[in-house]
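Asks: return atomic coordinates for the entry below.
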Amino acid sequence: MLKLHEKSRNDTVATMADLGRRARAAARPLAIATTAAKNAALAAMAEAIIARERAILDANAIDIANGHEAGLSASSMDRLKLNPARIRAMAEGIREIAELGDPVGDVIASWERPNGLQIERVRTPLGVIGVIYESRPNVTADAGALCLKAGNPVILRGGSDSLNSSSVIHACLVDGLKAAGLPQDAIQLVPTADRAAVGEMLKGLGGNLDVIIPRGGKSLVERVQTEARVPVFAHLEGICHLYVDRSAKLDMAVGIAVNAKMRRTGVCGAAETLLVDRAVASTHLVPILDALRAAGCEIHADAEVLKLFFDAKPATDADWVTEYLDAVIAVKLVDGVAGAIEHIETFSSHHTEAIVAEDAQAVERFFNEIDSAILLHNASTQFADGGEFGMGAEIGIATGKMHARGPVGVEQLTSFKYRVRGSGQVRP
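Replies: Alright, predicted model coming up:
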């Protein structure tokens, strides 16, 4: 058994090394590919996904059955499940990416020096990108399409629970590359569920991987951040907060709270903590919590809230730092916007926070003093999504501060270089 295990691991190491070499070979032709060629590939990918809907659903049914057998949580099953509407949304997302401007070659800034040198800062592809993700087979399409538009080869390592679905979707992406005459190795899917494949990616595939983007649970992201030998776009858990200010319109607060928590509980932009201004506890708190309970949400409340709303469980310290990804929300009363800011800055994962308020000064203070990637005013936290930002799609929400922050779309998947034009200048 030991020899078989070692052989399996050796096979995985060899497979990953080969993926890295092939991706690097595709980097230059992809970096100089025309916008027309990339858009043609994207259009063909979308068409292939629609044409192969039945095959995708059949593969997904296998993943769903395996997920049930493995005892995956309800939120994981929701992220894993595909249906005709979600497949159409995948295709539409790819078409939207095709309609975006091509970032490669964009002049970000230009200026002239006193000596006559003309300097430009120009967008350029990052290089070979590795994306490691769990569940969500739609990430296969989103990540592949976004990396292509930004001129980057990508190696996709989806979760073992979605490997069948992702394999069929990946085949559609390869069909698009073929149709446009682009390197088929520009988008590769790790063909094994062996966890050793992740370890090889974290090592950098022999110098062939330039950036890693993890998209998944806290344990995955922490492992990537700890072990990666290449730069990482961090996407930590979404402990997202919704604050209802004393100036909030009640009907608006109710609608936003229910949507922010219950529209899709398994997405990273779902609200996990509700903070209500103590000044409106007698008017706003119970109607909001009644609406959440009617929608099927379990309430975990602090001691003050429990005195006003009895259909709740006592909150523990763990509730303020938990990403439920389920129909559960923690609720607390705070002293105005200052109290909300203090709580959020103490417990937030710096993903997304929202304020419901009519007081412009409260909103400005909320925006100025909270250091999270996305801040919303009078809108649901579920808008924390690259597609909703007009980016076509996203690979994830980056919560770090280096290079990319917030939705990671095509522009965030580029770096830049300087072009300097002279007329014979020499440095004295």
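
Asks: spatially nearest residue to residue 248, not counting backbone neighbours?
Replies: Excluding the flanking residues, the one nearest residue 248 by Cβ to Cβ, 6 or more residues apart in numbering is residue 356, at 4.2 Å. C-betas here are computed from N, CA, C, even on glycine.

Asks: thought residue 155 was touching residue 133?
Replies: No. The criterion here is Cβ atoms under 8 Å, and residue 155 misses it with residue 133 at 11.7 Å.

Asks: and the helices in the stretch 301-428 of the chain?
Replies: 303-308, 336-347, 360-369 (DSSP state H, counting those that start in this stretch).

Asks: ugh, wrong one, the chain
Replies: 2-31, 35-51, 53-70, 74-80, 84-99, 138-149, 163-180, 196-203, 218-227, 250-262, 286-294, 303-308, 336-347, 360-369 (DSSP state H).

Asks: confidence-wise, which of those helices is weakest overall?
Replies: With a mean of 82, helix 2-31 has the lowest mean pLDDT of these.

Asks: helices and strands around that one, which ones?
Replies: strand 118-125, strand 154-157, strand 187-189, helix 196-203 (3 or more Cβ pairs under 8 Å, 6 or more residues apart in numbering; DSSP states H and E).

Asks: for the shortest one, name the packing helices and strands.
Replies: In this case it means strand 187-189. So strand 187-189, by 3+ Cβ pairs under 8 Å, 6+ apart, packs with helix 2-31, helix 138-149, strand 154-157, helix 163-180.

Asks: deepest of the helices of the stretch 301-428 of the chain, which one?
Replies: Mean neighbour count (mean count of other Cβ atoms under 10 Å) peaks for helix 336-347 among the helices of the stretch 301-428 of the chain, with a mean of 18.

Asks: what sits up against stretch 307-322?
Replies: Stretch 307-322 is contacted by residues 239, 272-273, 281-282, 285-286, 289, 293, 298-303, 305-306, 330-332, 343, 346-347 when judged by Cβ atoms under 8 Å, 6 or more residues apart in numbering.

Asks: what do you get if the cut-off is 10 Å, keeping everything else the same?
Replies: 237, 239, 241, 272-273, 276, 281-282, 285-286, 288-290, 292-293, 298-303, 305-306, 328-333, 343, 346-349 (Cβ atoms under 10 Å, 6 or more residues apart in numbering).

Asks: drop anything exposed from those residues.
Replies: Buried members of these, scored by 16 or more other Cβ atoms under 10 Å, are 237, 239, 241, 272-273, 276, 281, 285, 288-289, 292, 299-302, 305-306, 328-333, 343, 347-349.

Asks: quickly list the domain ranges of the chain.
Replies: Domain segmentation of the chain under automatic domain parsing yields 2-233+408-420, 240-383.

Asks: now distance to residue 399 too, for those, in TSV please.
Replies: Shown next, in TSV, are those (distance: least, Cβ to Cβ, whole Å):
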stretch	distance to residue 399
domain 2-233+408-420	9
domain 240-383	5
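
Asks: which among those is found nearest to residue 398?
Replies: Proximity to residue 398 (Cβ to Cβ) singles out domain 2-233+408-420 among those, at 4.9 Å.

Asks: so which bits of stretch 223-238 are buried?
Replies: Here stretch 223-238 shows 223, 224, 228, 230, 232, 233, 234, 235, 236, 237, 238 as buried, counting by 16+ other Cβ under 10 Å.

Asks: for it, the distance to its chain's centre please.
Replies: Between the centre of stretch 223-238 and the centre of its chain there are 13 Å (Cα atoms, centre = their mean, to the nearest Å).

Asks: can you give me the end-to-end span of it?
Replies: End-to-end distance for stretch 223-238, by Cα to Cα, to the nearest Å: 17 Å.
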